[in-house]
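*Asks:* mind folding the following:
(one chain, ligands or ions: 2)
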Amino acid sequence: MKSFNRYLFHKIGILPAVPVCNALLNGLVKKRMFESMWRFHTDMLSRGMVSNFVTYGVLIDGCCGQCDVLKARSLFDEMVEKGIEPTVVIYTILIRGLCNESQMTEAENMFKLMRDSGVLPNVYTYSALIDGYCKMADIKRALNLYQDMLRNNLLPNVVIFGCLINGLCKVGELRSARNFFVYMAKFGVVPNIYLYNCLIDSHCKAGNLSEATGLCSEMTKFEITPDVYTYSILIKGLCSEGRVKEADDLLQKMNKEGVCANAVTYNSLIDGYCKAGYMEKALNVCSQMTKKGVEPNVITFSSLIDGHCKAGNMETALSLYLEMIIKSLVPDVVAYTALIDGHCKDGKMKEALRLHKEMLEAGLTPNVFTISCLIDGLCKDGKISDAIELFLEKTDKTNGGFCSPNHVMYTSIIQALCNDGRIFKASKFFSDMRFDGLRPDVITYVVMLQGHFQAKHMPDVMMLHADMIKMGIMPNAVTNEVLASGYQEK
Ligand SMILES: *[C@@H]1O[C@H](CO)[C@@H](O)[C@H](O)[C@H]1NC(C)=O
Ligand SMILES: *[C@@H]1O[C@H](CO)[C@@H](O)[C@H](O)[C@H]1NC(C)=O
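*Replies:* Ligands and ions are numbered 1, 2, ... in the order given. Prediction:
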């Protein structure tokens, strides 16, 4: 473009007409060569050419493409000042740019200005606004605009239906989204695969698999063939309902239909098998994947590591972890947490803490579950002060802590303190736990009662006993035994 620019102005020596220059400017905007666009425009002006409404439209479009709506607006004002009437196309470009930047109030003002100036909005104007509102999940206003456009005798197109259906799906209004298919037919608009995938995905996420599979067979009636996204959505949906066998059948079906599964598809099925505890099947899918030339990624490894850890097979989990390191893949929070949890359960605290350190060094933020595993592991290992230190460090939100204390953390610490005879400190954690709105379980009440009996704190025993009843914890054989023998000793 640059050399062409020079050629146009210098070599020929004749001035091209403004429409030719506008076409070139537009080409530069479409190619997103914004700097060249400005340079070319300056060149035009320096040669005495005058921008017309098309030039302004293209430049405003360029500003919006660069996300500079302020500049777009000032160009708009400049053209109005020069007495050039903005057309529907120019208004629409500016409205679309504003909607793209979520400046809906500004967009509405422009829309109003346009109508007040007697310029009628077209389908693209409505489409820009409806898209903007759907992206902001303001479906009500989007539907208003849709009604408004129908009143103005404009026919909605597939893009508008797409925005509305997608928007309705996002806010969980599946029935209304589905109803739009009926309206579409009325306007002679044929649904496309994007719309079907959107609806199928939403129904899967809502756990309505029968409707999702129904939609899938319906789309084939419109001669729309399911693509890799459709299959991936359904496979994931089936897996999350534990219907792994059917998900696997679907993968075989898609292979037969010649639709190539991608990493997302394979990962869903692998994760499904791992969560269901079928580790051999999971590895089998993993080798199918490799055979088809799809490389296992971090997510694949995480699922496998998590599955093996939960199955108590730390050896395989660790070898997968090493394989990841060799492949220069950085394990994610799921993988690290699974390994840490596995090591903690095996009482290998040194290794668990090393992994925790490594994960922090990799820039990952552990989650609540990672921290609870470590605290529980440390308590069981008799390292109560380390556990308490970790607890305070991670839950002190005023000091860089990030997680809310949970049931496991409190229960582990309270039980460890009681077993260690430190009933005073345990009481402190117990009241903090209650203060945080957590409900201690029956075992925690029992260890606390035992602790108070041993320390001969009878008022505390009675208060705790009353609190237990108030919390609706049913006395069972163990509590009765502890209470009976405790009171008897007194
Ligand atoms: C919308 O915004 C993105 C960046 O957020 C920009 O790249 C794109 O060109 C904009 N599109 C329009 C039509 O303004
Ligand atoms: C599934 O979706 C269909 C259509 O929206 C609805 O009629 C049906 O009641 C839904 N089923 C369940 C179990 O939610």
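
*Asks:* ok, S127 touching V159?
*Replies:* Yes: S127 lies in contact with V159 (CB atoms under 8 Å); the separation is 5.4 Å. C-beta: built from backbone N, CA, C; applies to glycine.

*Asks:* who has more neighbours, these two?
*Replies:* Taking other CB atoms under 10 Å, S127 and V159 do not tie; S127 has more neighbours (24 against 15).

*Asks:* how close does the more buried one sit to Q488?
*Replies:* Separation of S127 from Q488 (CB to CB, to the nearest Å): 80 Å.

*Asks:* same question, N476
*Replies:* Taking CB to CB as the measure, N476 and Q488 are separated by 18 Å.

*Asks:* looking at the two, which one has more neighbours?
*Replies:* Neighbour tally, N476 and Q488, criterion other CB under 10 Å: the higher count belongs to N476, 10 against 7.

*Asks:* distance check, the more buried one against D460.
*Replies:* Distance from N476 to D460, by CB to CB: 21 Å.

*Asks:* same check on L320?
*Replies:* For L320, the distance to D460 - CB to CB - is 49 Å.

*Asks:* tell me which of those two has more neighbours.
*Replies:* L320 (24 against 17).

*Asks:* the closest residue to ligand 1 within the stretch 201-350 of the chain - nearest residue in space that isn't next to it in sequence?
*Replies:* Ligand 1 sits closest to Y229 of the stretch 201-350 of the chain, with a gap of 23.0 Å, by CB to the nearest ligand atom. Closest residue to Y229 apart from its sequence neighbours, by CB to CB, 6 or more residues apart in numbering: N197 at 5.0 Å.

*Asks:* show me the contacts for the one you found.
*Replies:* By CB atoms under 8 Å, 6 or more residues apart in numbering, N197 lies in contact with 227, 229-230, 233.

*Asks:* kindly report the residues of the protein close to ligand 2.
*Replies:* Counting by CB under 6 Å from any ligand atom, the positions of the chain adjacent to ligand 2 are 174-175, 178, 208, 211.

*Asks:* go through those residues and flag which are in helices.
*Replies:* Counting by DSSP state H, the part of these found in helices is 174-175, 178, 211.

*Asks:* what pLDDT does K397 get?
*Replies:* K397 is assigned a predicted lDDT (pLDDT) of 80.

*Asks:* separation between it and M184?
*Replies:* Per CB to CB, K397 is found 49 Å from M184.

*Asks:* and what of Q252?
*Replies:* 33 Å.

*Asks:* Three-state assignment for the residue of the stretch 351-490 of the chain at minimum distance from ligand 1, please.
*Replies:* Here the residue of the stretch 351-490 of the chain nearest ligand 1 is G363; by CB to the nearest ligand atom that distance is 26.2 Å. Following DSSP: H, G, I helix; E, B strand; the rest coil, we place G363 in the coil state.

*Asks:* which other residues reach stretch 393-410?
*Replies:* With contact meaning CB under 8 Å, 6+ apart, stretch 393-410 is reached by 365-368, 371-372, 375-376, 391-392, 429-430, 432-433, 436, 438-441, 444.

*Asks:* revised request: answer the last question for stretch 60-70.
*Replies:* Outside stretch 60-70, the residues touching it (CB under 8 Å, 6+ apart) are 25-26, 28-29, 32, 34, 37-38, 71-72, 75-76, 90, 93-94, 96-98, 100-101, 103, 106.

*Asks:* just how off-centre is that stretch within its chain?
*Replies:* 28 Å (CA atoms, centre = their mean, to the nearest Å).

*Asks:* buried residues, it. List them.
*Replies:* Under the neighbour-count criterion of 16 or more other CB atoms under 10 Å, stretch 60-70 has 60-66, 68-69 buried.

*Asks:* adding secondary structure and pLDDT, write the residues you listed out as TSV.
*Replies:* Formatted as TSV, the buried residues of stretch 60-70 follow (DSSP: H, G, I helix; E, B strand; the rest coil; pLDDT from 0 to 100):
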residue	secondary structure	pLDDT
I60	helix	97
D61	helix	96
G62	helix	96
C63	helix	96
C64	helix	96
G65	helix	94
Q66	coil	92
D68	coil	94
V69	helix	95
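
*Asks:* and of those, the nearest to ligand 2?
*Replies:* Ligand 2 has its nearest neighbour among the buried residues of stretch 60-70 in C64, at 37.8 Å by CB to the nearest ligand atom.

*Asks:* just to revisit the earlier point, among the contacts of N197, which are in helices?
*Replies:* Short answer: these in helices (DSSP H) are 229-230, 233.

*Asks:* now rank the residues you listed by neighbours and give me the top one.
*Replies:* I233 leads these on contacts (other CB under 10 Å) with 26 neighbours.

*Asks:* ok now do that one, which residues does it touch?
*Replies:* I233 is in contact with 197, 200-201, 204, 212, counting by CB under 8 Å, 6+ apart.

*Asks:* mind running it again at 6 Å?
*Replies:* 200-201, 204 (CB atoms under 6 Å, 6 or more residues apart in numbering).

*Asks:* in the stretch 151-300 of the chain, which spans are helices?
*Replies:* 158-170, 174-186, 193-205, 209-221, 228-240, 244-256, 263-275, 279-291, 298-310 (DSSP state H, counting those that start in this stretch).

*Asks:* CSV please, covering the ones you listed and showing mean pLDDT and distance to V482.
*Replies:* Converted to CSV, the helices of the stretch 151-300 of the chain look like this (pLDDT from 0 to 100; distance: least, CB to CB, whole Å):
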stretch, mean pLDDT, distance to V482
helix 158-170, 95, 53
helix 174-186, 91, 52
helix 193-205, 95, 47
helix 209-221, 93, 48
helix 228-240, 97, 42
helix 244-256, 96, 44
helix 263-275, 97, 38
helix 279-291, 96, 41
helix 298-310, 95, 33
